[in-house]
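> When you get a sec, could you give me coordinates for this:
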Amino acid sequence: QVQLVESGGGLVQAGGSLRLSCAASGNIVSINDMGWYRRAPGNQRELVAAITNGGSPNYADSVKGRFTISRDNAKNTVYLQMKSLKPEDTAVYYCNMGVRIWVGITTRLYDYWGQGTQVTVSS
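All right, here's what the predicted structure looks like:
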């Protein structure tokens, strides 16, 4: 089994910064893409940022220039540095990873999600 544990959410004033972390643990062979999604009240879940195992990032237009995604492959961890936060960034943030695990004598790729961490930006 694999677990993703998130940390770093909280309450911040508009213009402030937060850094989210998500660490994977368990029966891991390798991790492909890592990403951060968010869901605001009344909205659908949306992709915020993603990063390939080669380190290539991509961002939602709404966060470009303000958020930075990075990863530490040795620690199986993905980060999201958020700056110049706006009230519209308020949401529950979820990390997501494509994790290859051992299944018997072979390996399989599965999609895993973190438990979510609340980010609230006050105006």
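> was I right about V119 contacting G10?
Yes: assessed by Cβ atoms under 8 Å, V119 is found in contact with G10 at 7.1 Å. (C-beta placed from N, C-alpha, C; glycine too.)
> Could you tell me which residues touch both of those two?
Common neighbours of V119 and G10, counting by Cβ atoms under 8 Å, 6 or more residues apart in numbering, are L18.
> Counting neighbours, go ahead and name the busier of those two.
V119 (22 against 13; other Cβ atoms under 10 Å).
> I'd like to know how far the closest residue in space to the more buried one that isn't next to it in sequence sits from G116.
Counting by Cβ to Cβ, 6 or more residues apart in numbering, G9 is the residue found nearest to V119 once chain neighbours are left out, at 4.9 Å. Relative to G116, G9 is positioned 8 Å away (criterion: Cβ to Cβ, to the nearest Å).
> shared neighbours, those two?
Shared contacts of G9 and G116, counting by Cβ under 8 Å, 6+ apart, come down to Y93.
> where do the strands sit along this structure?
2-7, 10-13, 18-26, 28-39, 46-51, 57-59, 67-72, 77-82, 91-103, 106-113, 117-122 (DSSP state E).
> which other helices and strands contact the first one?
Helices and strands touching strand 2-7, by 3 or more Cβ pairs under 8 Å, 6 or more residues apart in numbering; DSSP states H and E, are strand 18-26, strand 91-103, strand 106-113.
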